[in-house]
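Participant: Sequence first, then the predicted structure:
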Amino acid sequence: MDEKEIILDAMRKAGEPLNAGRIAELTGLDRKAVDKAMTAMKKDGSIVSPVRCKWEPSA
């Protein structure tokens, strides 16, 4: 699994919107790697922000 898939999986399992710090805790990924992956995911529309500073899968 690549970082994006790991992040999406963690978001789905959590069942609630998460911030990057919490995603890093849940996945064990480096915070900078999570930030970089999430930036790309925001641009391609795979994640959306229902509340400020928290994200969830778009579908």
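Facilitator: Noted; the coordinates are in hand. Numbering: from 1, shown residues only.
Participant: Just confirm residue 37 contacts residue 3, I think it does.
Facilitator: Yes - at 4.3 Å, residue 37 and residue 3 qualify as touching, with contact defined as CB atoms under 8 Å. Every C-beta, even on glycine, is put in place using the N, C-alpha and C of the backbone.
Participant: So between those two, which is more surrounded?
Facilitator: A side-by-side neighbour count of residue 37 and residue 3, using other CB atoms under 10 Å, places residue 37 first with 22 against 17.
Participant: Could you pull up the contacting residues of the more buried one?
Facilitator: Residues touching residue 37, when contacts are defined by CB atoms under 8 Å, 6 or more residues apart in numbering, comprise 3, 4, 7.
Participant: other SSEs contacting the helix or strand hosting the last one?
Facilitator: Okay, so that is residue 7. Per DSSP states H and E, residue 7 falls inside helix 3-14. In this structure, helix 3-14 makes packing contacts with helix 20-27, helix 31-44, strand 47-51, strand 54-57, judged by 3 or more CB pairs under 8 Å, 6 or more residues apart in numbering; DSSP states H and E.
Participant: Contact partners for the residue nearest to the spatial centre of the chain?
Facilitator: For the chain, the residue whose C-alpha lies nearest the mean C-alpha position (CA atoms, centre = their mean) is residue 7; its distance is 4.6 Å. The contact partners of residue 7, by CB under 8 Å, 6+ apart, come to 23, 27, 29, 34, 37, 38, 41, 47.
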